[in-house]
Structures are given as C-alpha cells and as structure tokens.
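With the sequence up front, the predicted model follows.
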Amino acid sequence: MMHKCGLAALAGVSVLVGGSVFVALAMGLVAWPGAAVAEKPGAVKDAESSVHLPIGQIVLFSSGVGYFQREGAVEGNARVDLSFPVQDINDLLKSMVVRDMDGGAVSTITYDSNAPVEKTLKSFAINLNGDPSLSNILGQARGEKVEVVLQQTNATQPGTLTGTVIGIEDQKQPVGKDGTVNVQLLNLWCSDGMRSLKLNEVQRVRFLNPVMDSEFKKALETLALSHDTQKKAVSLNFVGEGHRKVKVGYVVENPIWKTSYRLELPKEKDAKPFLQGWAIVENPTDEDWKDTRMALVSGRPISFQMDLYTPLFVPRPVVEPELFASLRPVAYNGNLFGENERLAEPAERIRKSMESAPIEAKGVRSARIEGLKGEMAGKPGASGGGNALYARKLEKALDDTMRLSEGVSSIATASTLGDFFQYVIDKPVSLSRQKSAMLPIVNKDVEGTRVSIYNERTQAKFPLLGLKFKNTSGLHLSQGPITVFEGSNYAGDARILDLKPKEERLISYAVDLGTEVNPVPSSDNGRYTMIKAVKGVIETTTKLRETKTYTIKNRNETERLVLIEHPVRNEFKLVDEKVKPTEVASDVYRFELKVPAGKTESQVVTEERILSQGFQVSNIDDNQIRIFLNSPVTSDKVKKGLQSAMELRWAVAKTQRDIQEQEKQLKVITDDQTRLRANLKEMPSTAAAYKRYLEKFDTQETQIEKFQADIKKLQGTEFSQKKELEDYLANFSAE
C-alpha cells in the first residue's frame, strides 16, 4: 500500500524519547536529500544555481585597505554566495562593484541582517525562538494544511492523513488501576471530519502550503547561519542568458603591505651602494590566494569606516489622539559625527632618534682578527702556520662583499598610478590562508656618500655613521627598515621614510665611536641697538646673540665627512654669512665639515635674536630711565626729552609730598580737637581750665582753616602739573 511504503521509507528517522516517539525538526518538517518522498506538484524550485568566484586580482595599499576582485563565469540565472567577517560588511556595502560582462545584469545583492537572530526568527511564519517543541510548532501552524505520517499499530489504522491543523490538546488518560498520564493530541480537520491523533504516534509532518514550507526552510537556514556569529553571508543574483563572465570587486580592511630593505656598502671608493627591497604581504583571510594578480600601491588614500550594516530604528513616541492630549510630538535632530582624517607623516622630516648597534670600524675589526690569530696560535697541539692561514681566510671572508644582486631578481614592475606609485607583481602570487610572504621588488644600484651625522639631542657625545642617500633607483621607496651590510658584516639598522625618485635623504645605522664632538654654548645678556620715544612710550630694540662651538676630534684612520645638525629656531637667524649650512631641513640646519684622520676641527654657529619692547614713561621708575639715559645708543633728543620728563615728574612728586605733609598736620589738630571737646563737656564753665581749653580750641579752628586752604591750593597745583606732564608725554617723540 502507498501508506506502508511511505512509512517504510521514513522508518529510519524516528527517535524514541522517554517512551514516546519524537521526530527531529529538520528531518520531519523539511524534505532533505535522500528522503524517499516524491516532490509534490507546485513545490518551489531555486531559480538560480550557486557559483563560486575565486579571487583573481588583489591590490594592497599602504593605508590599511586592500582591493579584491573575484572573477568567474555564470550560466543563465545564477547566484554567487560569499562569506565575509562581520567587521568587513560595512566596507563591503560602501565599496562593492559588481559587473556582468556579457549582456547580463545584477538583480539584487542580499546579505544577512545585523539584527539579532531572535528578531529575524520572529519575522517568519513559524517562530523557532527558544528551542520550540513539535507541539509548539504545530500550535503556531493552526489553520495550515499538513500531511501526517503515523506509526501503524494495526492493519486497519491509516498510515498517512491529510488535514488542516485545528490545534494541540492536552488530555489526561488513565494508566493502570489508579494512575493517569498526560497525552498531547493533534486535532485535524480531515475530509471525513475531525480527527484526534496522539502526538507520540506521529512520525512525520509536512506542510502542503509551498509558502509555509519555504518560510520554515528560511527559518532553519537563519538558525544554521547564526551558529557562526563571526561570518555573514552575501548573495549576488545574476540574471541573463548563456555563458557570461562576471567580476566582483570590493575594498576591505587588510594589513598594510610593508617594505624591508638591505643596503650593501661597497669597499671600493667609486663603487655604488646596492639596495635590495622586499615587500611583505599577508593573507589574514580564511581563503587561499591561488595564482592571483597582485599590485602593491605606495600611497595613502583617505579611507574611513561608516556603519551601513547595523539597522537603524528611529524611536517613535506613542501619540494620544488630540481629544486626550493637546501636545504635539516633538521632532529631535540626530547626533552628527565625522571621521577623523589621518595625516601622513611628512616625508621630508628626518627621524628624531634611533637606537642602533655600533659598527666595528675597519681598524677595530682588524684588531679583533689579530686577537683571534694570537688566540688560535696559542692553542695546544696546533701549528702556528695552520692557524695563521685559517685566520687569513677568515679575515678575507669577513672583508668580502655580500653580492646581494646574485640569486635574487625583482619580480615587480614599478609605475606611477596617478598621484600614487605602484609595484605590479610580474608573476601570479599564491598564498595560503593565514600566511605571509616576502616578494623582491627592488634590486638596484643607488648613490650614496658616507657621512657621520651629529645631533646633540640624539647622541650628545658621538655622531652616527650614516649615508647621504640618493634614490637613483627610479622607484618610489616606501618607508621601512634598512639592514646595512659592510662587506659581509652586519653594520647596523636604519629607517627610511617615503622617498621619491631623485630625492636625497640621510640614513644612519651605527654610532661612530672613533669621532667625538664637544658642543660648547655661549651667549651674551643682550645689548640695546636702538632706543626711541613715540608719544610717551620708549621703544627699545635688543639684540641677543648665542654662539655654539662644535669641536670635532677624529680618532679614526680615515677622513670623516661630518654633518652637524643644529636646531632651527624661528625666532633666531644665522649671523655669519660666510658660514652657511649645506642643507636646511624643517627642524635643523646641516653644516658639512671634513675632519682629517687624527685631526681636530671646529664649527662655530652664531645666531641672533631681535627683541622689541615698549615702556610707558609714566609707569617706569627713575632707575630704568637712567639706564636709557646712560645707554650709548640713546640719541641726544631722546636724552633731553627723558630729562625734561623726569623734571616734570619730580615737580609732581614734590607737590604730592607737600600735600601729604599738610594732611598729616591737619590730622594731628583734628585728633586733638576730639580730646578738647570731651574735656569741655565734662568741666564746669566757671573753671579756669575751661577758659584755657576754649581759647586753644578757637586757635586750632583758625589753623584748620589755613591747612584746608593750603591743601586745596596744592591740589590745584598738582592737577596742573600732572596735566602738563601728560601733555608733554603725549607729544614726546624722538629718535
């Protein structure tokens, strides 16, 4: 029978739990491959076939992003499924470019929402939140048509039923003599009426409504994708006919590609240094890069992140009808924000400090070799001739050159790219996931002059061994470390900033222990160069002079070309026109000085600073005015005017002292009158003392009137003298 065949095909999917049969959701409610269930008419089929697009081209930038292009072919209507880390979705939405090259079109691009999975699951017809049971799922499907396969306990019981879900019912049924058990029943409306089925006898349930069946599948897919919270799926739907090429490009965050250089310094005087550069690229993704075209761009385009992925829900207030509330809802503006622009470090600025290992000079290395010879010659059982031969071979090996150009060749073609510079890798690059690689991109002779660079703030006693480096490679050199070799020996490490072709830059890689510099500063206290008066204000110009003498002692066996870096101070200017710097950087002057072997040379740097100050004559004291009068740069006119101003000031001061004296005497008499009034009040008018006090009081009244008149007169004089002084100063101008 048909019912028996259907049950036999599904017998392997039942699971017995606690004495009852429970059907797994993913197996019982959704068809899966290999199930012996015929597809029902009207079922929805996928209109597109999924296509894999491998990465075909990569462009890495030195600003922390990379452009990735996927390439492949599609046939007819096709869907491309991609998976990206969550943190890349915003960049993807901002930059993705999709092209169907042969007449097709891109219909939609869909991606997993960033909303919580619980919110997404609630949007489906069947809510799978909270690990729902079979009864809970069927309870949500009330009114839907289903096909139910039952476990047949006898030949008369039907194996398959079709009906509409009415609901789930809980019943208590007797067990044994006095016991009861709770049984869940599935109530269906069938063609012959209502049926009630024990849920534990149900083996399989299938939705007959294609829309409901599709909804349930999507809910299960959402659950499956939510297991990997770090990845999100993006689907590109292409519509067209025939075989077509498609490309998908996007910019996402990627580790910057870095450069690392090796610089070989030649022993021959006229030979050029050799520069070898390596690009370091990294594949931090979970996908292998296989035979990809790669380009490395040396530039820093402005790149920022914007949250386009997170759904934005605007909170809406609940507004009561106008009948109940008279207030209208208020509209609020959102918060405004902008990205921070990262400024690139200027390529012209030389680094402020560097820690580097000292290099052994040739004489020091020779001494070390001689010591090795002596040590080996003293070993028991060894012949002196053999040891000397070994030492000579070792010395020759150490003095030999590295020959960096042998065995390595650049695999990149350099070219300009607008305002940027790019290295196009000549061969396809394969790089496994989570791996890094070094690619040779520079293999050129360059120009360089050996120098010793002294900067007091970097190393107070010794200069640094360095190179006046000129980029004659014809390539744009990105910033990075440089490992310097002299002969076959490691000489030290240096760092270089972005360097354009034909541009010069200093690099330093070791401490020059054979050269010593002693900087000795000196300065004067300043001297007036000009004093003039402008409407009662004395304007002075003071010149401050500072001198620093750099004494350089060269203890090496060869001549040293020393570059002295003296700080640039905008308020100072160099004085000696004969001593000019060979270079002026944004932060230092560079003076070049050749110091022969075993000799001492000096470099004197003198700077001046001009200070302008103004002094109000009415506010400064006499001592300051005497300084101006005694200065040799003060003209006779200024001296005469200052002398007159001092005399007027003295006249005002004398009048003020007279007023103070009169006021002091007036106060003495006024205080004494208080005493007399008290005595007169207490003493009888017939007493002899009373008459004497009264006469004295009368005399004091006359004196008080005189003092008050004198003070008033002096105050008038003071006012006139002050006005005369102010008028004089307002018109006092002289040079």
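Okay, I see it. Numbering: from 1, shown residues only.

Give me the below-cutoff pLDDT ranges for the stretch 301-450 of the chain.
In the predicted model of the stretch 301-450 of the chain, residues 311-314, 316-386, 394-403, 405, 407, 418-419 satisfy pLDDT under 70.

and with 50 instead?
Along the stretch 301-450 of the chain, the parts satisfying pLDDT under 50 run over 320-383.

distance of the residue nearest to Asn556 when sequence neighbours are not counted from Gly598?
Using Cβ to Cβ, 6 or more residues apart in numbering and skipping residues adjacent in sequence, the residue nearest Asn556 is Gly514, 3.8 Å away. Any C-beta I mention is one placed from the backbone N, CA and C, and that applies to glycine too. Taking Cβ to Cβ, to the nearest Å as the measure, Gly514 and Gly598 are separated by 10 Å.

List the residues that are in contact with both of those two.
With contacts taken as Cβ atoms under 8 Å, 6 or more residues apart in numbering, Gly514 and Gly598 have Asn554, Arg555 as neighbours in common.

Between those two, which has more neighbouring residues?
Taking other Cβ atoms under 10 Å, Gly514 and Gly598 do not tie; Gly514 has more neighbours (20 against 11).

Neighbours of Val175, how many?
10.

try Gln459
17.

List the residues that contact it.
Counting by Cβ under 8 Å, 6+ apart, Gln459 has contacts Val511.

Wasn't it part of a strand?
No. Secondary structure of Gln459 (DSSP: H, G, I helix; E, B strand; the rest coil): coil, not part of a strand.

Next up, phi/psi of Thr529, please.
Thr529 adopts backbone torsions of phi -110, psi -20, taken as degrees, to the nearest 10.

was I right about it contacting Thr634?
No. Using Cβ atoms under 8 Å, Thr529 makes no contact with Thr634, being 11.3 Å away.

Who has more neighbours out of those two?
Neighbour count, other Cβ under 10 Å: between Thr529 and Thr634, Thr634 has more, with 21 against 12.

residues near the nearest residue to the more buried one once chain neighbours are set aside, how many?
Residue nearest to Thr634 in three dimensions, not counting chain neighbours: Ile531, with 4.7 Å by Cβ to Cβ, 6+ apart. Here the number of neighbours of Ile531 (other Cβ under 10 Å) works out to 24.

Pretty sure Ile531 sits against Pro632.
No. Using Cβ under 8 Å, Ile531 makes no contact with Pro632, being 9.9 Å away.

Roughly how far does Pro519 sit from Thr549?
Relative to Thr549, Pro519 is positioned 7 Å away (Cβ to Cβ).

Specify which residue of those two has the higher count of neighbours.
Pro519 (17 against 14).

Just confirm that one is within a helix.
No. Read with three-state DSSP, Pro519 is strand and lies in no helix.

Run through the residues that contact it.
Glu456, Ala460, Lys548, Thr549, Tyr550, Thr551.

Show me what it is bridged to.
Beta-bridge pairing of Pro519 under DSSP bridges involves Tyr550.

correct me, but Pro273 touches Lys444?
No. Taking Cβ under 8 Å as the definition, Pro273 is not a contact partner of Lys444, at 9.9 Å.

what does stretch 614-623 rub up against?
Under the criterion Cβ under 8 Å, 6+ apart, residues 533, 536-540, 624-625, 642, 645-646, 649, 725-726, 729, 732 lie in contact with stretch 614-623.

What's the ChimeraX syntax to select whichever of those residues are buried?
Remark: buried members of these, expressed as a ChimeraX selection using 16 or more other Cβ atoms under 10 Å:
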select :533,536,537,538,540,625,642,645,649,725,729,732
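
Looking at the contacts of stretch 614-623, which are in strands?
Per DSSP state E, strands hold the following members of these: Ala533, Val537, Ile538, Glu539, Thr540.

Columns pLDDT on top of those, output as TSV?
Listed next are the ones in strands among the contacts of stretch 614-623 as TSV, based on pLDDT from 0 to 100:
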residue	pLDDT
Ala533	87
Val537	90
Ile538	88
Glu539	89
Thr540	89
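
So Phe304: helix, strand or coil?
Taking three-state DSSP, the label given to Phe304 is coil.

gap between the residue nearest to Thr634 and Leu642?
In this view, Ile531 and Leu642 are 9 Å apart by Cβ to Cβ.

do the same with Glu724
Distance of Glu724 to Leu642, computed by Cβ to Cβ: 16 Å.

circling back: shared neighbours, Ile531 and Leu642?
Residues touching both Ile531 and Leu642 (Cβ under 8 Å, 6+ apart): Ile538, Phe628, Thr634.

Surely the first one is in contact with Ile531?
When you say that, I think you mean Ile538. Yes. In this structure, Ile538 is within contact of Ile531 by Cβ under 8 Å, at 6.5 Å.

overlap in contacts of the two?
Phe628, Val638.

what is the rounded mean pLDDT of stretch 150-166?
Taken as a whole, stretch 150-166 has a mean pLDDT of 80.

end-to-end on it?
17 Å (Cα to Cα, to the nearest Å).

Just the buried residues of that stretch, please?
Neighbour counts over stretch 150-166 (16+ other Cβ under 10 Å) mark Leu150, Gln151, Gln152, Gly159, Thr160, Leu161, Gly163, Thr164, Val165, Ile166 as buried.

ok so, going back, for the residue nearest to Thr634, helix, strand, or coil?
Here Ile531 is strand, with the state taken from three-state DSSP.

start at 30 instead
From this message on, residue numbering opens at 30, which makes the last subject Ile560.

Show the pLDDT at it.
With respect to pLDDT, Ile560 scores 87.

How much space separates it from Glu764?
9 Å.

And for Leu167?
Distance from Leu167 to Glu764, counting by Cβ to Cβ: 108 Å.
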